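> Could you work out the structure for the sequence below:
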Amino acid sequence: MKWDDLHVFLTLARAGKLTAVAKQLDVSHPTVARRVKALEDSIGARLFDRLPDRYVLTAAGEGLMADAEAMERAADSIHRRSAGLTDAAHGTVRISAHEAMTGFLAIHLPRLRDNLQCVEFELSANHMLANLSRREADLLIREQMPDLASLVTRKLGRAAFAIYGHADMTVSHTRDKLRRMPWVGFDEDHTYMPGQTWMLELLEGAKPAMRVNNWLVLHDAVRGGAGLAVLPCYLGDTDPALRRIGPILKEVWADQWLLVHRDLRELARVRRVMDALAALFQEQKPLLEGKAR
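Now for the predicted structure:
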């Protein structure tokens, strides 16, 4: 029984469709079908019911899942640990964060690399939590701490938020006047973003007339004069096309946490990048907290 075939089996069990598996694993549609058939032949049992719109596990397939997942965890562990068997000081470090924070890191990449010329950086802008166990990223910067024993966390700092509008916009920051202004916010799938609860309370439950699903799109909408928005100060205060409306919103803030898998935290290049990120956040603390003006 080949691990590659079991990997295809697990991916198909989770995705349900050959096309999705082919795309995820970067193989052809016939290759997926062939590997599933090879696994079924080697086991001597049918693992999936082929329905018109998806593949569904049979009882035999359900029975195989636990062992296949255990093998997957072992393979992931070997993949993580193998990073330390090569030249640990050289190589790539992948950092995942949401769009605004990724933009902040991109601006400061030259400074991050001052003493890290042997390290290549990959920045991934994503709302979703990358799977560190499978090395979808080496480091995560997030505003929440997942309750996972495999992760080690380090607090980088706290980001402040304020209301921003176009620099030419004159707005009184009394609540009544603010309520009557046009607003840009996140769509319903992203109301968990910092500042959205505060804005909805200000608007007395009404939705902002313009809604997006991305911090940088929100930023661009405000730059274009679409309306007001709650933005992180490190994003709004550095843009001369915007002006802050009123003081920092004391009720809105987001701690920034650095997450790393425990198997990778002592890898030299990962550790050096972690220390460089901590130093950068400490240096940029006034900007992050909205006090650099």
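
> tell me which residues of the lowest-mean-pLDDT helix or strand in the chain are tucked away?
Counting by mean pLDDT, DSSP states H and E, the weakest-scoring helix or strand in the chain turns out to be helix 59-82, with a mean of 79. Neighbour-count burial for helix 59-82 flags 61, 64, 68, 72, 76, 80 (criterion: 16 or more other C-beta atoms under 10 Å). (Each C-beta comes from the backbone N, C-alpha and C, glycine too.)

> ok, so of the residues you listed, who is nearest residue 123?
Using C-beta to C-beta, residue 80 comes nearest to residue 123 of those, at 20.4 Å.

> ok, now which ones touch the nearest residue to residue 242 once chain neighbours are set aside?
Counting by C-beta to C-beta, 6 or more residues apart in numbering, residue 164 is the residue found nearest to residue 242 once chain neighbours are left out, at 4.7 Å. Going by C-beta atoms under 8 Å, 6 or more residues apart in numbering, residue 164 touches 222, 228, 229, 230, 231, 236, 242, 243, 244, 245.

> Check the contact between the fourth one and residue 160; I expect there is one.
Meaning residue 230. No: contact between residue 230 and residue 160 fails when scored by C-beta atoms under 8 Å: they sit 10.8 Å apart.

> shared neighbours, those two?
Joint contacts of residue 230 and residue 160 (C-beta under 8 Å, 6+ apart) are 249, 252.

> who's more crowded, the two?
residue 230 (26 against 21; other C-beta atoms under 10 Å).

> what about the more buried one, which helix or strand?
strand 229-232 (DSSP states H and E).

> Which elements pack onto that strand?
Contacts defined by 3 or more C-beta pairs under 8 Å, 6 or more residues apart in numbering; DSSP states H and E place strand 229-232 against strand 151-166, strand 184-186, helix 196-202, helix 215-223.

> So what touches the third one?
In this case it means helix 196-202. Under C-beta under 8 Å, 6+ apart, the answer for helix 196-202 is 175, 178-179, 183, 185-186, 190-191, 206-208, 229-230, 249, 251-252.

> can you check the last one too?
Here helix 215-223 makes contact (C-beta under 8 Å, 6+ apart) with 98-100, 103, 164-166, 184-186, 193, 210, 212, 227-229, 231-232, 235-236, 239, 241-242.

> on that earlier part again, now the least confident helix or strand of the chain, how far from the chain's geometric center?
24 Å (C-alpha atoms, centre = their mean, to the nearest Å).

> Beyond it, next helix or strand please.
Next element after helix 59-82 (DSSP H and E): strand 91-97.

> Name the residues of the helix or strand that that following strand is followed by that are buried.
Counting by DSSP H and E, the element after strand 91-97 in chain order, helix or strand, is helix 99-107. Neighbour counts over helix 99-107 (16+ other C-beta under 10 Å) mark 99, 100, 101, 102, 103, 104, 105 as buried.

> Now do helix 99-107 and helix 215-223, the angle between them.
90 degrees (axes from the mean of the first three to the mean of the last three C-alpha atoms, to 10 degrees).

> Let me know the next secondary structure element after helix 99-107.
Heading C-terminal from helix 99-107 (DSSP H and E), you reach helix 109-112.

> Show residues contacting the following helix or strand past that following helix.
Where DSSP H and E defines the elements, the next helix or strand beyond helix 109-112 is strand 119-125. Strand 119-125 is contacted by residues 90-99, 102-103, 105-106, 109, 112-113, 130, 137, 269, 272-273 when judged by C-beta under 8 Å, 6+ apart.

> State the pLDDT value of the residue of the chain most remote from its centre.
The centre of the chain is farthest from one residue, residue 44, which by C-alpha atoms, centre = their mean lies 41.0 Å away. On pLDDT, residue 44 comes in at 88.

> Please consider this matter closed, and thank you.
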